[in-house]
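# What shape does this take:
(one chain, ligands or ions: 1)
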Amino acid sequence: MGETSICQVRATVMLYDDTNKRWVPAGSENPSFSRVQIYHNAAANTYRVVGRKIQADQQVVINCAIIRGMKYNQATPNFHQWRDPKQVWGLNFGSKEDAAAFAAAMMRAIDAV
Ligand SMILES: CC[C@@H]1C=C[C@H]2CCN(C(=O)[C@@H]3CC[C@H]4C=C[C@]5(CCCN5C(=O)[C@H](Cc5ccccc5Cl)NC(C)=O)C(=O)N43)[C@@H]2C(=O)N1CC(=O)O
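Sure thing, here's the model as predicted:
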């Protein structure tokens, strides 16, 4: 029993560059959409966010565990963000609907771990 995807959206994955106080696209210089999914491992009851570039090489640009007590901030209807131990992630969603779907799945996952 592997992992099941509980949601799939389109978003540009961003990282906050604390040194220069600016957002940078994860995985490359120019922002481009990724397919972002939340995977659930039922056996271990763990969840993670995995994002792969939509075009070309399907590069993995985020692979981030969802941890108990994590705060998910819906900064704007299209831009949500959270902190992991090392960095701050931001998702610039392709649509408000995608943003709402991801937020619902993310909050379920945070409640379940
Ligand atoms: C992709 C461009 C991007 C698009 C959208 C807007 C939305 C607001 N915004 C920001 O960066 C806001 C403005 C102030 C700045 C200051 C600090 C930041 C940066 C690092 C994290 N942060 C926190 O405020 C965190 C949030 C949090 C709270 C609770 C739980 C988790 C977290 Cl992560 N607060 C803690 C206490 O961590 C931050 O998000 N900031 C984005 C933004 O301007 N742009 C445009 C651009 O940059 O050109």
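
# Do stretch 61-80 and the ligand come into contact?
Yes - counting by CB under 6 Å from any ligand atom, the ligand is contacted by stretch 61-80 at 71, 73, 75-76, 79. C-beta here means a position set from N, CA and C on the backbone, and glycine is covered the same way.

# near the ligand, which residues of the chain?
Going by CB under 6 Å from any ligand atom, the residues of the chain near the ligand are 14, 16, 22-23, 71, 73, 75-76, 79, 81-83, 88, 90, 92.

# So which elements touch the strand ranked longest in the chain?
Ranked by number of residues, the top strand in the chain under DSSP state E is strand 3-17. The helices and strands touching strand 3-17, judged by 3 or more CB pairs under 8 Å, 6 or more residues apart in numbering; DSSP states H and E, are strand 22-25, strand 34-41, strand 46-53, strand 88-93, helix 96-112.

# strand partners of it, parallel vs antiparallel please.
Here strand 3-17 is paired, per DSSP bridges, with strand 22-25 (antiparallel), strand 34-41 (antiparallel), strand 88-93 (antiparallel).

# Just send the ones you listed back as TSV, with distance to Cys7 too.
Shown next, in TSV, are the strands paired with strand 3-17 (distance: least, CB to CB, whole Å):
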stretch	distance to Cys7
strand 22-25	21
strand 34-41	5
strand 88-93	12
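
# Any chance of JSON lines for these, columns mean neighbour count and distance to Gln58?
JSON lines is the format used below for those (neighbours: other CB atoms under 10 Å; distance: least, CB to CB, whole Å):
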{"stretch": "strand 22-25", "mean neighbour count": "14", "distance to Gln58": "16"}
{"stretch": "strand 34-41", "mean neighbour count": "20", "distance to Gln58": "8"}
{"stretch": "strand 88-93", "mean neighbour count": "20", "distance to Gln58": "18"}
